[in-house]
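Trainee: build me a model:
(one chain, ligands or ions: 2)
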Amino acid sequence: MELVTRIIRNRLAAFGAVMLLLILIVSLLTPVFGLTDPNVIDTSNRFMLPFGEGHLLGADHLGRDILSRLLWGTRLSLMVGVAAAIIAATAGSLIGILAGYYGGRLDMILMRSIDVLMAFPYILLALAIVAVLGPSLMNALIAVAIVNIPFFARNVRGATLAIAQSDYIAAAKLSGRNTFSLLLFELMPNLISVIVVAFSTTVGWMILETAGLSFLGLGSQPPQSDLGSMLGEGRAALITHPHTSLIPGIMIFAIVMGINLLGDGIRDALDPRLAKGALRRALPITKIDRDLPLPRTEERGLLSVSGLKTDFQIAGKTTKAIRDVSFHIGRGECLALVGESGSGKSVTALSLTGLVASPPAVITGGKILFEGTDLLSLKFEQMREYRGKRIAYVFQDPNSSLHPLHNICDQLIESIKVHDGSMGRRALEAKAVQLLKDVRIASPERVMKSYPHELSGGMRQRIGIAIALANDPELIIADEPTTALDVTVQAQILHILKRLQRERGLALLFISHDMNVVAQISDRIAVMYAGQIVEAGSTKAVLEKPRHPYTKALLDCLPQLGKGQAMPRAINGSPPLLEDLPDGCAFAPRCSFVTPACQKRPIDVNLIGGRSLRCIRMELDDG
Ligand code: ADP
Ligand code: MG
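Mentor: Ligands and ions are numbered 1, 2, ... in the order given. Down below sits the predicted model:
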């Protein structure tokens with residue numbers, strides 16, 4: 001149902017659907033219209049113009065009624081085209097599923113045969129097939145179906161390959177299901193959309209191709225006629241009596257256009273990512289549309305962020321992911337950004353160098369001073385000087401942050417070369433080895449030659465850090481660098497980061513949802529909730545004396561060693577929807593100290609000493 005509304009909302013697709021529906025209804029009802037026989041010849045009416053007596057659309061070169069011939073012809077063309085498409089879809093999908101699911105030799109044989117079919121231009125192939133079988137509408141249908149099989153087979157094979165390797169298929173196999181039920185109930189439902197899309201985008205072509213064969217006299221044979229043969233017969237009188245060919249021509253055009261518009265609509269509607277605009281190409285730098293006047297930012301240390309706001313604008317709805325975030329990081333300092341997942345940590349980090357994908361992201365406010373330069377006022381070319389060179393990132397998932405097809409050596413060298421093209425190969429390699437040593441990799445020469453899949457997660461994350469270090473950045477942003485690792489490896493990675501930070505005087509923005517990890521590495525902590533920093537201060541002070549009810553609750557969630565089997569407490573409720581934030585404090589609905597005043601208006605930040613707090617209930621006295 002939702003699918004139908006999505007198709008209807010797409011105006012072109014709706015137009016195509018309406019046009020097609022009209023044509024379908026008319027051609028279905030053709031037998032009950034009581035039209036004159038399309039094959040009755042009456043030479044006295046030769047080439048009668050439209051709106052002539054007894055012939056609404058005129059008559060052709062044999063005086064046959066064009067309206068009747070048009071409707072019967074449309075019926076025939078539609079039936080043949082759709083039948084060809086169904087045959088091609090069935091045969092092609094079957095080949096695709098078998099090849100994709102069983103792989104190996106069967107895949108080889110089937111796909112190479114398909115390749116042979118594809119090696120010929122397909123109109124030529126269709127002509128050859130009809131030439132062998134002999135001209136008739138049935139043979140044209142078979143020819144068109146055959147030449148379209150490869151299209152379905154390849155699409156379906158690709159989709160099958162991907163699905164056959166997924167874990168839920170493995171789980172279904174483990175549960176002892178037989179292959180047939182596996183194919184039918186697990187694989188098929190996922191392939192339906194691929195097949196439907198392929199079908200809806202090709203059926204128009206197939207109607208056109210059959211019409212083409214009939215036009216050449218290889219399809220329908222007189223007296224039977226479809227749109228193609230009507231066009232072919234009318235061609236001789238194109239100049240003198242254009243209506244005999246124009247009328248079937250317009251009908252073919254209307255059918256094919258209707259099908260294609262609808263087909264594109266179905267394809268877009270079946271892909272939820274397209275509905276969200278995810279496949280639109282992102283701008284190279286996040287779109288910036290800041291409220292004026294800009295906040296006056298006092299510069300503190302290396303990076304001072306004030307009043308940062310980032311929205312996601314999707315289909316007319318605005319999600320306020322970052323709302324008025326301010327923090328600063330001094331040289332050689334480590335600031336930890338903590339919060340539940342979805343609180344806006346990554347978006348904050350990516351906003352700093354304009355890496356949030358636009359569309360849908362827009363930075364709507366704030367200032368980001370890096371050594372006195374407002375990063376948000378930079379053009380893309382200028383921003384490149386900062387990205388990766390002065391501000392580097394380490395990402396959460398070491399599996400996806402390295403390129404699977406290049407070895408470690410190439411990846412390290414590339415990241416050095418992008419910003420410094422002057423070094424020779426020898427020097428580059430030496431520097432790469434040194435980088436690996438810096439992140440405590442014991443046998444750098446061997447690792448240099450390895451590919452990412454040959455290394456463990458911890459090793460890969462070290463390489464991620466080495467790549468971040470490649471250009472001696474001043475600030476490293478580590479977005480949950482240890483979340484995907486187990487605890488012992490996590491400790492090693494934290495050590496490496498801490499040591500690098502100390503030795504090189506690096507500033508570190510360390511993002512995590514784990515208070516324990518944060519306590520080990522950071523100098524200061526900023527706690528995020530629903531796109532705002534609710535409390536910030538020195539790590540020691542915040543952990544010893546949390547002020548904000550949310551920080552307290554987060555700390556209460558930690559299991560305490562030596563406290564027997566006491567279960568850690570959980571925070572009631574769930575984070576608010578960012579599209580629908582309450583007027584007042586976003587944490588109020590889950591807060592055990594809530595008062596009516598908390599929910600009236602936005603809560604400002606209180607600053608005393610080194611501590612900032614976004615709460616009106618808690619005092620900031622001796623923090
Ligand atoms: P986390 O704190 O877990 O890193 P994020 O910063 O990734 O959270 O996300 C913050 C919020 O921003 C999420 O709740 C999500 O709704 C929204 N968001 C993030 N990326 C996108 C995106 N590409 N499109 C739409 N919304 C997004
Ligand atoms: Mg994140």
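Trainee: mind checking pLDDT for the nearest residue to Cys591 once chain neighbours are set aside?
Mentor: Once flanking residues are discounted, Cys591 sits nearest to Pro549: 4.8 Å by Cβ to Cβ, 6 or more residues apart in numbering. Using the backbone N, CA and C atoms, a C-beta is placed for each residue, glycine as well. Looking at Pro549, its pLDDT reads 91.
Trainee: residue contacts, Pro549?
Mentor: Contact analysis of Pro549 by Cβ atoms under 8 Å, 6 or more residues apart in numbering lists Phe587, Cys591, Ser592, Phe593, Cys615, Arg617, Met618.
Trainee: packing partners for whatever helix or strand Leu141 lives in?
Mentor: Per DSSP states H and E: Leu141 is located in helix 137-164. Secondary-structure packing of helix 137-164 (3 or more Cβ pairs under 8 Å, 6 or more residues apart in numbering; DSSP states H and E): helix 66-102, helix 104-118, helix 122-133, helix 188-215.
Trainee: what average pLDDT does that helix get?
Mentor: Rounded mean pLDDT across helix 137-164 is 93.
Trainee: check which element follows that helix along the chain.
Mentor: Immediately after helix 137-164, counting by DSSP H and E, sits helix 167-174.
Trainee: pull out the buried positions in that following helix.
Mentor: Buried residues in helix 167-174, defined by neighbour count with 16 or more other Cβ atoms under 10 Å: Ile169, Ala172.
Trainee: which residues does it contact?
Mentor: By Cβ under 8 Å, 6+ apart, helix 167-174 touches Ile163, Leu182, Glu186, Leu187.
Trainee: alpha carbons only: can I get it in CSV?
Mentor: Coordinates of each C-alpha in helix 167-174 appear next as CSV, following Å, rounded to 0.1, in the frame of the first residue of the first chain:
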residue,chain,number,x,y,z
ASP,A,167,23.9,-15.1,7.4
TYR,A,168,20.2,-15.7,7.4
ILE,A,169,20.5,-18.1,4.5
ALA,A,170,23.2,-19.9,6.4
ALA,A,171,20.9,-20.0,9.4
ALA,A,172,18.0,-21.4,7.3
LYS,A,173,20.4,-24.1,6.0
LEU,A,174,21.5,-24.9,9.5
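Trainee: now the angle from it to helix 66-102?
Mentor: 70 degrees (axes from the mean of the first three to the mean of the last three Cα atoms, to 10 degrees).
Trainee: quick one: helix 167-174 to helix 137-164, angle?
Mentor: 90 degrees.
Trainee: pLDDT (mean, whole number) over the helix or strand that helix 167-174 is followed by?
Mentor: Counting by DSSP H and E, the next helix or strand C-terminal to helix 167-174 is helix 179-181. Helix 179-181 comes out with an average pLDDT of 87.
Trainee: what does the chain put close to ligand 1?
Mentor: 312, 319, 321, 339, 341-347, 357, 360, 578 (Cβ under 6 Å from any ligand atom).
Trainee: how about the helices and strands packed on helix 137-164 in CSV, adding mean neighbour count?
Mentor: Formatted as CSV, the helices and strands packed on helix 137-164 follow (neighbours: other Cβ atoms under 10 Å):
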stretch, mean neighbour count
helix 66-102, 22
helix 104-118, 14
helix 122-133, 16
helix 188-215, 21
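Trainee: columns mean pLDDT on top of these, output as JSON lines?
Mentor: Listed next are the helices and strands packed on helix 137-164 as JSON lines, based on pLDDT from 0 to 100:
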{"stretch": "helix 66-102", "mean pLDDT": "93"}
{"stretch": "helix 104-118", "mean pLDDT": "92"}
{"stretch": "helix 122-133", "mean pLDDT": "90"}
{"stretch": "helix 188-215", "mean pLDDT": "89"}
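Trainee: nearest to Ala442, of those?
Mentor: Proximity to Ala442 (Cβ to Cβ) singles out helix 104-118 among those, at 39.8 Å.
Trainee: one step back: okay, buried residues for the helix holding Leu141 please.
Mentor: For helix 137-164, by 16+ other Cβ under 10 Å, it's 137, 139-157, 159-160, 163-164.
Trainee: ok, now stretch 14-27?
Mentor: Quick answer for stretch 14-27 (16+ other Cβ under 10 Å): Gly16, Ala17, Met19, Leu20, Ile23, Ser27.
Trainee: verify the stated contact: the last one with Gly81.
Mentor: No: when contacts are counted by Cβ atoms under 8 Å, Ser27 is not listed as touching Gly81 (11.8 Å).
Trainee: hang on, Ala478 in a helix?
Mentor: No: counting by DSSP: H, G, I helix; E, B strand; the rest coil, one finds Ala478 to be strand, located in no helix.
Trainee: show me the contacts for it.
Mentor: Contacts of Ala478 (Cβ under 8 Å, 6+ apart): Tyr393, Val394, Ile465, Ala468, Leu497, Leu508, Leu509, Phe510, Ile511.
Trainee: do you know how far it is from Ser175?
Mentor: Distance, Ala478 to Ser175, by Cβ to Cβ, to the nearest Å: 41 Å.
Trainee: same deal with Ala237?
Mentor: Taking Cβ to Cβ, one finds Ala237 at 68 Å from Ser175.
Trainee: who has more neighbours out of the two?
Mentor: Ala237 (16 against 8; other Cβ atoms under 10 Å).
Trainee: before we move on, what SS does the more buried one have?
Mentor: Under three-state DSSP, Ala237 comes out as coil.
Trainee: so it sits right up against Thr244, yeah?
Mentor: Yes: Ala237 is within contact range of Thr244, at 5.6 Å (criterion: Cβ under 8 Å).
Trainee: residues in contact with the nearest residue to Thr74 once chain neighbours are set aside?
Mentor: Using Cβ to Cβ, 6+ apart and skipping the chain neighbours, the partner closest in space to Thr74 is Ser27 (4.9 Å). Ser27 makes contact with Leu71, Thr74, Arg75, Leu78, according to Cβ under 8 Å, 6+ apart.
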